[in-house]
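**Q** Here's my sequence, what's the structure:
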Amino acid sequence: MDSVDRWLHRRHEEFLDGGGRNVRGLVAASWGRSIAAGLQSDAAAPFAFESDELAAYRAEHPLSAVFPMLYDVLGRAAEDSDYVMAVGDSDGRLLWVCGRPEAIRAADGIHFTEGAWWAERHVGTNALGTSLEVSGAVQIRSAEHFTTLVQPWSCAAAPIYDPETQRVLGVVDITGTADASSPQSLAMVRAAARMAEAELGRLMILRKVAGDSTRRMRIAALGRPDAEVRVDGRDLRLSRRHSDIVVLLASHPEGLSAEELSDALYGEDDHRSSLRGEVTRLRALLGADIVESRPYRLHPDIAADWLETADDLDSHRLSSALRRYVGPLLPQSDAPGVVASRNRLENRIRAAVLQTYDVDLVAAWTRSYAGVNDLGAWERQLSLMSPTSPLWSAAQSEVRRLRADYGLDSAGTEG
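**A** Predicted coordinates:
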């Protein structure tokens, strides 16, 4: 009997002594993979991202488009219970974790937090990591976990597939105590994963019908360090400077003179000679008929995510604007014109949030990267909620935390 078999035999005996029935084959196979990966029973999940890296990565991730729906389906239920909902990528890295503040704090104690890496090879048998290994919905109960740190918990998870390519995009999970070990929990995550896939399919169809098929060029620049452009069937990721230029020209369909574009790109110093070289390279990349000159402007047949968000605000479609707004416009750009557009759009969204009487829309903003530390929005959310709401205490806690962080008193948080 080799070392893996001896370990599995001993663990099986411990499992039976603890009151469990025979170890399920799925769990035993996962234990075997965990041992083969060299894991110890006290292994803790490592962290895959720095905080700023995580924000940029998940803003670009395909599941960012369906996270609001997953939150509505499972996240709200988590906040009414003692478990947390998590959404991870196809490599088992946690992108979003939500639940009651006390549940989040408890999950932090086992590193079940945003940015942590819960693939089997890092932390052993667990529903999220194991579901990715077996490409199916999985439930892992307490002692079935490989590491002792996680054994007080139970979890259920299901992978989410790309409706077009059928490759795994990520995974949705609920983790907690008794609630997460029930058969209903496995059914819930399965249903949530299928709903996410259906929504991804719907969005794909909309993009094809209302986007690429009718637009010569589509630009995505919200929440991204660089703009992504689809032009004439080609997908391109632009350099930082080309991203700035495309955003500035798309924001000024009437066109910009060389001096105006230079000022918006570089500031007051005259860099028109550098600008000409950049525009020449951009024209060679996108096509001479896409980037016009005298004045500099883009072909009018374009669509851009930040402009569509602004259109939603113009038409008082705040819900749609919040779904589109996955992050600031080119957040790492320091081009004066881009910074001005970025701030203008975020200020418009925030102003609309602070004026709405729809508490769900305010909550969508406070759950977002841009709004999570927005004291005014949290106070607005609290003012619209009934003290009997299950989310009341969480909102009140956030207001207190932010007021303390900003050195303000806690007046107005008692309801």
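**Q** in the sheet, who's paired with Gly176?
**A** For Gly176, the beta-bridge partners under DSSP bridges are Ser154.
**Q** the strands in the stretch 1-150 of the chain, which residues?
**A** Along the stretch 1-150 of the chain, the stretches classed as strands by DSSP state E, counting those that start in this stretch are 84-89, 94-98, 138-140.
**Q** Let's test this: what are the backbone torsions at Phe146?
**A** Per-residue torsions, Phe146: phi -70, psi -40 (degrees, to the nearest 10).
**Q** can you put the strands of the stretch 1-150 of the chain in JSON lines and add mean pLDDT, mean neighbour count and distance to Arg281?
**A** (Each C-beta comes from the backbone N, C-alpha and C, glycine too.) Shown next, in JSON lines, are the strands of the stretch 1-150 of the chain (pLDDT from 0 to 100; neighbours: other Cβ atoms under 10 Å; distance: least, Cβ to Cβ, whole Å):
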{"stretch": "strand 84-89", "mean pLDDT": "96", "mean neighbour count": "27", "distance to Arg281": "33"}
{"stretch": "strand 94-98", "mean pLDDT": "94", "mean neighbour count": "23", "distance to Arg281": "34"}
{"stretch": "strand 138-140", "mean pLDDT": "94", "mean neighbour count": "27", "distance to Arg281": "49"}
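**Q** Asp244 is nearest to which of those strands?
**A** strand 94-98 (27.3 Å; Cβ to Cβ).
**Q** so the nearest residue to Ser251 once chain neighbours are set aside is in which element?
**A** The spatially closest residue to Ser251, leaving aside those adjacent along the chain, is Ser341, at 5.4 Å (Cβ to Cβ, 6 or more residues apart in numbering). Using DSSP states H and E, Ser341 maps to helix 336-355.
**Q** And the helix or strand just after that helix, what does it pack against?
**A** Downstream of helix 336-355, the first helix or strand assigned by DSSP H and E is helix 359-366. Helices and strands touching helix 359-366, by 3 or more Cβ pairs under 8 Å, 6 or more residues apart in numbering; DSSP states H and E, are helix 318-324, helix 336-355, helix 375-384.
**Q** closest one to Glu260 among these?
**A** Per Cβ to Cβ, nearest to Glu260 of the helices and strands packed on helix 359-366: helix 336-355, 8.8 Å.
**Q** Where does pLDDT dip in the chain?
**A** 1-21, 51-52, 178-179, 206-215, 270-272, 300, 410-415 (pLDDT under 70).
**Q** got the contact list for the residue nearest to Ser251?
**A** Val247, Leu248, Ser251, Trp306, Leu329 (Cβ atoms under 8 Å, 6 or more residues apart in numbering).
**Q** Stretch 121-135 spans what distance, first to last residue?
**A** Using Cα to Cα, to the nearest Å, the end-to-end distance of stretch 121-135 comes to 15 Å.
**Q** can you pull the contacts of Cys155?
**A** For Cys155, the contact set (Cβ under 8 Å, 6+ apart) comprises Asn126, Ala127, Leu128, Gln139, Ile140, Asp173, Ile174, Thr175, Gly176, Ala180.
**Q** Check Ser154 too.
**A** Ser154 touches Gln139, Ile140, Arg141, Ser142, Thr175, Gly176, Thr177, Ala178, Ala180, Ser181, Ser185, counting by Cβ under 8 Å, 6+ apart.
**Q** make it 6 Å
**A** Arg141, Ser142, Ala180, Ser181 (Cβ atoms under 6 Å, 6 or more residues apart in numbering).
**Q** Now do the helices in the stretch 1-150 of the chain.
**A** For the stretch 1-150 of the chain, the helices defined by DSSP state H, counting those that start in this stretch cover 3-17, 25-36, 51-60, 67-70, 76-79, 101-108, 120-123, 127-134.
**Q** could those go into CSV alongside distance to Leu275 and mean neighbour count?
**A** As requested, those are exported to CSV (distance: least, Cβ to Cβ, whole Å; neighbours: other Cβ atoms under 10 Å):
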stretch, distance to Leu275, mean neighbour count
helix 3-17, 63, 13
helix 25-36, 55, 18
helix 51-60, 27, 16
helix 67-70, 38, 20
helix 76-79, 49, 20
helix 101-108, 48, 16
helix 120-123, 47, 22
helix 127-134, 47, 25
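**Q** of all those helices, which lies closest to Ser239?
**A** helix 51-60 (16.2 Å).
**Q** ok, residues contacting that closest one?
**A** Ser64, Leu95, Gly115, Gly223, Arg224, Pro225, Val326, Gly327, Tyr369.
**Q** now stretch 127-134
**A** Contacts of stretch 127-134 (Cβ under 6 Å, 6+ apart): 30, 88, 92, 118-120, 138, 140, 155-157, 159, 171, 173.
**Q** quick revisit: the helix holding Ser341: how far from the chain's middle?
**A** 21 Å (Cα atoms, centre = their mean, to the nearest Å).
**Q** Compute the inter-axis angle for that helix and helix 359-366.
**A** With axes from the mean of the first three to the mean of the last three Cα atoms, to 10 degrees applied, the angle from helix 336-355 to helix 359-366 works out at 150 degrees.
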